[in-house]
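Colleague: sequence and predicted structure are below.
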Amino acid sequence: NFTITNISTLLVYGGIYVVGYVMALFLQGAAGALLVPGSLSIITATFPEGEPRGRALGIWAGATTLVTLAGPLVGGFLVDTISWRAAFLINVPLGAVALWATVSYVPESRDESEAARLDWLGAAVVAVAIGGLVLGAIRGQESQWQDTGAWVALVLGLAAAIAFPFLMKHSDHPLVPLELFQNSNFTITNISTLLVYGGIYVVGYVMALFLQGTVGYTALAAGLAGIPGFLLLGLFSERFGVFAGRYGPRRFMVMGPAVMALGILWLGRFPADSQPWRLVAGDPSSWLPPTSYLTDVLPAMLIYGLGLTMLVAPLTTALMGSVPVERAGLASAINNAVSRVGPQLAGAAIFIAITAVFYAQLAVSVPSLDVDNPEIRSQVAPLNPPADGVAPDVATASSAASTDSFRVAMWISAGLMAAGALVNLRISDSARREQQPGGVVAGANQTPVPSREGEDGS
């Protein structure tokens, strides 16, 4: 499905049908959403609990990280040397190889007791809840809370969020079965995911904007700035997966976010006069980063990456061990959805904080400037370079205010990481064997093995 939608995207946009292009991207995202839960459930069903599963989950986390890092680099190379269409076409042979390998070597596994029905109402309510809260918060801040539509969106989102658990409780085929949350590890892992992945989004998104719009990094330099930290995850995630399987995930789920918070706090001291890295691919003289990158960015990214490496595989191990094997796909899908909800909610909250701090600081620095004027706001915006023609004193004050806003965003993100570490203190290394509803023991040896079809080649 993912490969087919890539081809569809290419063909549709080639015909300049913008609506069709958007729909193709929508289908691409929907198809991609099937991959993560499916891959994790296959690993859980295939590898026994303990070090083998921890190692497999660590390899999965590392491999997906390395591919994610390589994607923009390969895509940029294809766009520059061949065509933007090649960035879509590259997925076709990769998808074909993955499809062949899956059909040839991966045994089928499923929950035979699960009805093949989708809770469309539950999905719609979730969409209204998340969309309403995020849209309302962002639009409200943009309009200085003068837009009635923003308040309507917030009310609808809040009402949907409150109604969702009651709907799940009375649904015959709930999108999110509430009984899964009777396992403490499952509940804690998802709360931690909401907090930590919200913080991860803030760091990635806000840092990219700040480095380019305020400090003056080129897009290429900003993209490369964080790679050293993520390389740690790609290279060493397997080891921490093994450690989680051997010693239990709790200590790593506590230390990981705590170490990440330290790296983020390093970014929180970012100096306003830091020298930009103006990296240009065709200019070898710009390839070496300035000293400021080595002191202001690189140490933070390495510390942050070390904490992320300590966290990802153990968190996934705790999640997969908290449910029966036949519900691993559902558990993974719920956690994957939570990891997408956290960034949206955190992003909306951070947008409000950044905007408030930026214009408050700007008003203090330039008292004669009417920061509530929409025209002024269109000329100077947080984390963005001032528009052409802006007075020099306003431009200088805008840069300083953006730096202050960035620091606040980093402090909030570090707080989210610290909260995630505190929540993870409640994780039990033995809770993966807690009794599950229906008498099934999660992760224990007596867990029923799901049906496996095709092992005899039929």
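Modeller: Nice, I can see it. Numbering: from 1, shown residues only.

Colleague: how far away is residue 50 from residue 247?
Modeller: Separation of residue 50 from residue 247 (C-beta to C-beta, to the nearest Å): 11 Å. Yep, even glycine has a C-beta here, placed from its N, CA and C like the rest.

Colleague: what is the burial count for residue 267?
Modeller: 25 (other C-beta atoms under 10 Å).

Colleague: surely it meets residue 206?
Modeller: No. Using C-beta atoms under 8 Å, residue 267 is not in contact with residue 206; the gap is 9.4 Å.

Colleague: who touches both of these two?
Modeller: 406, 410 (C-beta atoms under 8 Å, 6 or more residues apart in numbering).

Colleague: in the protein, which helix has the most residues?
Modeller: When the chain is parsed with DSSP state H, its longest helix is helix 328-365.

Colleague: that one: what's the following helix or strand?
Modeller: helix 374-379 (DSSP states H and E).

Colleague: tell me the angle the very next helix or strand once past that following helix makes with helix 328-365.
Modeller: Sequence order places helix 392-424 as the next helix or strand after helix 374-379, per DSSP H and E. Between helix 392-424 and helix 328-365, the angle comes out at 150 degrees (axes from the mean of the first three to the mean of the last three C-alpha atoms, to 10 degrees).

Colleague: flag every buried residue along helix 392-424.
Modeller: Within helix 392-424, the residues that count as buried by 16 or more other C-beta atoms under 10 Å are 394-395, 397-410, 412-414, 416-421, 423-424.

Colleague: all helices for the stretch 51-200 of the chain, in order.
Modeller: For the stretch 51-200 of the chain, applying DSSP state H, counting those that start in this stretch gives helices covering 51-81, 84-89, 91-105, 120-142, 148-170, 184-210.

Colleague: could I get those helices as TSV with mean pLDDT and mean neighbour count?
Modeller: Listed next are the helices of the stretch 51-200 of the chain as TSV, based on pLDDT from 0 to 100; neighbours: other C-beta atoms under 10 Å:
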stretch	mean pLDDT	mean neighbour count
helix 51-81	76	17
helix 84-89	74	16
helix 91-105	83	12
helix 120-142	84	18
helix 148-170	90	15
helix 184-210	91	23
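
Colleague: what's the closest of the ones you listed to residue 288?
Modeller: For these, the distance to residue 288 is smallest for helix 51-81, at 18.5 Å, taking C-beta to C-beta.

Colleague: elements contacting that closest one?
Modeller: Counting contacts by 3 or more C-beta pairs under 8 Å, 6 or more residues apart in numbering; DSSP states H and E, helix 51-81 packs against helix 35-46, helix 84-89, helix 227-247, helix 298-320.

Colleague: elements contacting the longest one?
Modeller: Put plainly, it is helix 298-320. With contacts defined as 3+ C-beta pairs under 8 Å, 6+ apart, the packing partners of helix 298-320 are helix 35-46, helix 51-81, helix 184-210, helix 227-247, helix 250-267, helix 328-365.

Colleague: repeat that for the shortest one.
Modeller: With contacts defined as 3+ C-beta pairs under 8 Å, 6+ apart, helix 84-89 has these neighbours: helix 2-14, helix 51-81.

Colleague: now the farthest one out in this protein, which residue is it?
Modeller: Distance to the chain centre peaks in the chain at residue 368, reaching 40.7 Å (criterion: C-alpha atoms, centre = their mean).
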